[in-house]
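J.: I'd like to go over a predicted model; first the sequence, then the structure.
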Amino acid sequence: MTMLLDTPNQAANRRSNGFRAAAAGRMLKICHVSLTLKTGGLERLLADFARLHDRSRVSMDFVAINEVGRFGDEIRQAGATVHQLKPAGKLGQIKQLAKLFRAGRYDVVHAHNTYPHIYASLAARWARVPVVVSTRHGQRLGHDWKAHLKYRLATLAVDRVIAVSNDAAQLSIEDDGLSAYKVEAIWNGIDLEQFPYRGPAAEPTAISVARLSAEKDFPTLLRAAQKVKAAVPDFKLLLVGDGPERGHLEQLANELELGSCVQFLGERKDVPELLEQAGFFVSSSLSEGISLTLLEAMASGLPVVATAVGGNPEVVTARETGFLATAGDVNSIANNMIDMCRSKERWVELGKAGRERVSKHFEIRRMIADYEDLYFELLKAKQR
């Protein structure tokens, strides 16, 4: 088994070696390709790329294979171009992408997640784009063997696979059979200016912010909440987000007689203010890359209870910034939330440690600079 260091060290080495100064003076054209620009952590990261990239070093365009939604609008407001493919079969999509890449004369095509990776990587090579990279944002939960095979074949066309966590990097090496030299971990980041430290509220109120989809495993969280309510009568749970599981979850909450203990708040734009109403954050996910909502909660000064999956253990330092529970285990999640409710005297301490950790390792401008340095490094290697 190939072991990775505790932090994504290749990007850190570029910073410490002064690669930024050495790469200056050459403007690169980058094209990001994603499935949609509608909603989600990946799409939000792309909007941050558009807002915060170094305009003296790179220019960025964006492509949505399917729908363009609110994050597409944000990207346009930041001054970047957004392209949307026309409906077509698989070969038609590859042809559209190749034509777009040739017309744009891009130095780098950057694909995000499985579907864009498969089609954009092949199209980029067809269009003779010098550098092709792909970011693995999560664990690709639920994909069948055909998609897995296509992913591995498309990876032959890329210069580097970037994982958003050491866990995802390890999976790329072990499950996808990639050589360690082709894989790099660059941690996700958030904009700390949008999530200032506020600290925890005094009440035993937990908050979870996520899309209401199967991999977030909210049924287990609701069953855990029932146990917490029995042990801590004034416990409340705020669920922020929307998605395909909402109707089922509301029905389950009624069946569990949770009543006003659980509030479904839907998709909201005032998440920083909602975090201020909670004593701690909780995540019951079965699969994660580096969760942006987890980072946002910690940046706001909330202690956290999160499942020990994916990149969560890289974000949460157990007993220092929060507690780690076993995914899919009602009792483990419930007991950790009960322990958190009964550790109120430590909430401020845990929250401040969380804020410090996010500030040190998970700031969005550092993440974007690491990607930019990687683009220059790969292009320089191609020109030797």
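T.: Great, that's in hand.

J.: distance of V132 from T81?
T.: As judged by Cβ to Cβ, to the nearest Å, V132 and T81 stand 19 Å apart. (Glycine included, C-beta is placed from N, CA and C.)

J.: those two - which one has more neighbours?
T.: The residue with more neighbours, out of V132 and T81, is V132; 25 against 14, by other Cβ atoms under 10 Å.

J.: how would you label that one: helix, strand or coil?
T.: What DSSP: H, G, I helix; E, B strand; the rest coil gives for V132 is strand.

J.: distance of S285 relative to V305?
T.: Counting by Cβ to Cβ - S285 and V305 are separated by 12 Å.

J.: do the same with E372
T.: For E372, the distance to V305 - Cβ to Cβ - is 35 Å.

J.: neighbour count: the two, which is higher?
T.: More crowded of E372 and V305, by other Cβ under 10 Å: V305, with 28 against 23.

J.: got the phi and psi for that one?
T.: phi -120, psi 120 (degrees, to the nearest 10).

J.: OK, contacts around it?
T.: With contact set as Cβ atoms under 8 Å, 6 or more residues apart in numbering, V305 has these partners: 206, 280-283, 322-325, 333, 336-337, 340.

J.: show the pLDDT at it.
T.: With respect to pLDDT, V305 scores 98.

J.: and what of N17?
T.: 59.

J.: P87 now?
T.: Value for P87, per-residue pLDDT: 86.

J.: quick check: it vs G354, distance?
T.: For P87, the distance to G354 - Cβ to Cβ - is 44 Å.

J.: who's more crowded, the two?
T.: Shown here are P87 and G354; by other Cβ under 10 Å, G354 has more neighbours (28 against 7).

J.: confirm that that one sits in a helix.
T.: Yes - secondary structure of G354 (three-state DSSP): part of a helix.

J.: ok, now which ones touch it?
T.: Applying Cβ under 8 Å, 6+ apart, one finds that G354 lies in contact with A297, M298, A299, G301, L302, P303, V304, V316, T321, G322.

J.: can you list the buried residues in the helix or strand containing S332?
T.: Using DSSP states H and E, the element containing S332 is helix 330-341. For helix 330-341, a neighbour-count test (16 or more other Cβ atoms under 10 Å) marks V330, S332, I333, A334, N335, N336, M337, I338, M340, C341 as buried.

J.: list the contacts of the first one.
T.: This means V330. Contacts of V330 (Cβ under 8 Å, 6+ apart): T220, R223, A224, K227.

J.: identify the residue spatially nearest to it, adjacent ones excluded.
T.: Of all residues not flanking V330 in the chain, R223 sits nearest, at 4.6 Å (Cβ to Cβ, 6 or more residues apart in numbering).

J.: so when I look at the one you found, I'm seeing a helix, right?
T.: Yes - assessed with three-state DSSP, R223 lies in a helix.

J.: wait, doesn't it sit right on L256?
T.: Yes - assessed by Cβ atoms under 8 Å, R223 is found in contact with L256 at 6.7 Å.

J.: how close does G104 sit to A169?
T.: 29 Å.

J.: check the protein for its longest helix and report it.
T.: In the chain, assigned by DSSP state H, the helix with the most residues is helix 364-382.

J.: where does the stretch 101-250 of the chain dip in pLDDT?
T.: For the stretch 101-250 of the chain, applying pLDDT under 70 flags the ranges 138-145.

J.: could you pull out the helices for it?
T.: Taking DSSP state H, counting those that start in this stretch to define them, one finds helices in the stretch 101-250 of the chain at 114-126, 145-155, 166-174, 218-231, 246-255.

J.: nothing else from me, thank you.
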